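> Following is a predicted model, sequence given first.
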2 protein chains.
Amino acid sequence: MEDILFDFISKYIHLSKEEKAAIIELDIFRTAKKGTLLLREGEHSSYGYFVLKGCIRTFYLIDGEEKTTAFYTEMEGITPHCVLTLKPSEYHIACVEDSIIIAYNPAMEAAIFEQFPKFERLCRLLSEELIAKQQLNFDEFKTSSPEQRYLNLIEKRPGLMQRVPQHQLASFLGITPQSLSRLRKRLAKKKK
Amino acid sequence: MEDILFDFISKYIHLSKEEKAAIIELDIFRTAKKGTLLLREGEHSSYGYFVLKGCIRTFYLIDGEEKTTAFYTEMEGITPHCVLTLKPSEYHIACVEDSIIIAYNPAMEAAIFEQFPKFERLCRLLSEELIAKQQLNFDEFKTSSPEQRYLNLIEKRPGLMQRVPQHQLASFLGITPQSLSRLRKRLAKKKK
DNA sequence: CCCGTTTATTAACTTAAGGTAACGATTTCA
DNA sequence: TGAAATCGTTACCTTAAGTTAATAAACGGG
């Protein structure tokens, strides 16, 4: 399972045997069953997660309703806001499927950055890229109707539809499950 | 005007005289009049912008309509997506007010990072923080109605309302100018 | 200072999303 | 395996957003 990670990193920088060993040394690999809560609202945590296989989601509990706002699948990760603020978490993180993930904390990052400074560069570059992508994504959300967003999601993240319950997808699209259900019926009719 | 920048940076790291001199050496400070286009859709550009004073916005031209998706004010900045992809820009960037900005490109960053590695750490930390904040912001957007978003904006970014034309704010809120106008009337009535 | 453009508001109509509730179908797990 | 919870769909009604259009106010360049 380390290979999944190293294959990914190799797209950006070359890692020596020593560097790979240092990463494995950190003992960051975990498996988690579907439904497992990695982080609860209100908790303090210093762990970030990176998905090697499977799917995790962030969600809020608002008026007793789960509102899923993000899905992270293969080669995507999240450092929860609370890790940076040191305050209680605003949201929950849960596994949508049985997953293989990396769990890292700032101390581990610091250790790796100190040994191998080029990791820090990698993280900076990945972060900067992610900011720009996130912004594009948000832009698209703002400038689209729920229906367009739904169609867009099918195009941009094919397969996610199949992996995720519909009511979770609905809040991800910024609508209610009922609206998503209607929307789908509307589209099916149009297609005919 | 350098002082505005150095005051900001001093909240994160200490800069020596040499380091400050190296930054000034880069000749990154610019002023731009309201309405100035810093980047046009379709253009190639390698410049990122950081606002010291004033306000800039990103917008898309969709069916001849301007859709404003983000505002950047004091101590906020943007590295356009096209700088990272080397492809034509998806959006425009324009000054909303007369502004004092920093314009930087990857070569300048590389030069500074080489001279003073701690800058790279600063950028990584700021980037990681921004990712988490952006995500929270997006989450809030998805889980709120236009009305809640409007009220939230007043709270979170007071003053922006006064600085920015309403039709630009409308698309920023993900609605039409007409809807924003109605929404405001509705709220004014409620308050009474 | 004036005229054209941009901006904000309002109105009437259409469309779709929210709220509530009910219904089976599926999944979970004790 | 059987009861309970979860999930997706449908229906009905309400509410608000989109669309189009008209008008008035504010702004800005010559």
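Cool, the structure landed. Numbers count the residues shown, from 1 in each chain, chains lettered A, B, ... in the order given.

> Quick check: which ranges of chain A have low pLDDT?
Where chain A drops to pLDDT under 70, the residues are A:190-192.

> Show me which residues of it are close to DNA strand D?
Counting by C-beta under 7 Å from any atom of the strand, the positions of chain A adjacent to DNA strand D are A:145, A:165-168, A:177-178, A:180-182, A:184-185. Every C-beta, even on glycine, is put in place using the N, C-alpha and C of the backbone.

> Which of the residues you listed fall in helices?
Cross-referencing the residues of chain A next to DNA strand D against helices under DSSP state H gives A:166-168, A:177-178, A:180-182, A:184-185.

> These: which two are farthest apart?
A:Q168 and A:K185 (19.1 Å; C-beta to C-beta).

> and those two? which has more neighbours close in?
Set A:Q168 next to A:K185 and count neighbours by other C-beta atoms under 10 Å in any protein chain shown: A:Q168 wins out with 19 against 10.

> so the more buried one touches A:E66, yeah?
Yes - look at A:Q168 against A:E66 with C-beta atoms under 8 Å: they come within range, at 7.4 Å.

> okay, and the common contacts of those two?
A:F59 (C-beta atoms under 8 Å, 6 or more residues apart in numbering or on different chains).

> A:L15: which of the ones in helices among the residues of chain A next to DNA strand D is nearest?
A:Q168 (35.4 Å).

> what ranges do the strands span in chain A?
For chain A, the strands defined by DSSP state E occupy A:29-32, A:37-39, A:48-53, A:56-62, A:65-72, A:77-78, A:92-95, A:99-104.

> Now find how far off-centre the last one is within its chain.
Average the C-alpha atoms of strand A:99-104, do the same for its chain, and the two points are 11 Å apart (C-alpha atoms, centre = their mean, to the nearest Å).

> same check, this time on the fourth one
Between the centre of strand A:56-62 and the centre of its host chain there is 12 Å, according to C-alpha atoms, centre = their mean.

> same check, this time on the shortest one
With C-alpha atoms, centre = their mean as the basis, strand A:77-78 stands 5 Å off its chain's centre.

> Can you spell out which helices and strands pack onto it?
strand A:48-53 (3 or more C-beta pairs under 8 Å, 6 or more residues apart in numbering or on different chains; DSSP states H and E).

> okay, the angle between the strand it packs on and strand A:56-62?
130 degrees (axes from the mean of the first three to the mean of the last three C-alpha atoms, to 10 degrees).

> hmm, back to that, in a markdown table: the strands of chain A, plus distance to DNA strand C and mean neighbour count.
Shown next, in a markdown table, are the strands of chain A (distance: least, C-beta to the nearest atom of the strand, whole Å; neighbours: other C-beta atoms under 10 Å in any protein chain shown):
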| stretch | distance to DNA strand C | mean neighbour count |
| --- | --- | --- |
| strand A:29-32 | 14 | 16 |
| strand A:37-39 | 12 | 18 |
| strand A:48-53 | 18 | 21 |
| strand A:56-62 | 10 | 19 |
| strand A:65-72 | 9 | 19 |
| strand A:77-78 | 23 | 18 |
| strand A:92-95 | 12 | 22 |
| strand A:99-104 | 15 | 20 |
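
> Quick one: closest of these to B:R57.
strand A:65-72 (24.6 Å).

> Hmm, A:I93 and A:H81 touching each other?
No - between A:H81 and A:I93 there is no contact under C-beta under 8 Å: 11.1 Å.

> which residues touch the residue nearest the centre of chain A?
Compute the mean C-alpha point of chain A, and by C-alpha atoms, centre = their mean the closest residue is A:Y72, 2.5 Å away. A:Y72 sits next to A:49, A:51, A:55-57, A:78 when contact means C-beta under 8 Å, 6+ apart.

> Equivalent analysis for A:A32, please.
Here A:A32 is in contact with A:38, A:54, A:95, A:98-99, A:101 (C-beta under 8 Å, 6+ apart).

> go again using 10 Å as the cut-off
A:A32 is in contact with A:38, A:49, A:54, A:56, A:94-95, A:97-101, A:103, counting by C-beta atoms under 10 Å, 6 or more residues apart in numbering or on different chains.

> Near DNA strand C, which residues of chain A? Just list them.
Counting by C-beta under 7 Å from any atom of the strand, the residues of chain A near DNA strand C are A:34-35, A:145-147, A:174-176, A:178-179, A:182-183, A:186.

> now these in TSV, with neighbour count?
Output for those, formatted as TSV (neighbours: other C-beta atoms under 10 Å in any protein chain shown):
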residue	neighbour count
A:K34	12
A:G35	10
A:S145	11
A:P146	16
A:E147	16
A:G174	20
A:I175	20
A:T176	14
A:Q178	10
A:S179	15
A:R182	12
A:L183	19
A:R186	11
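
> With that, I have no additional questions.
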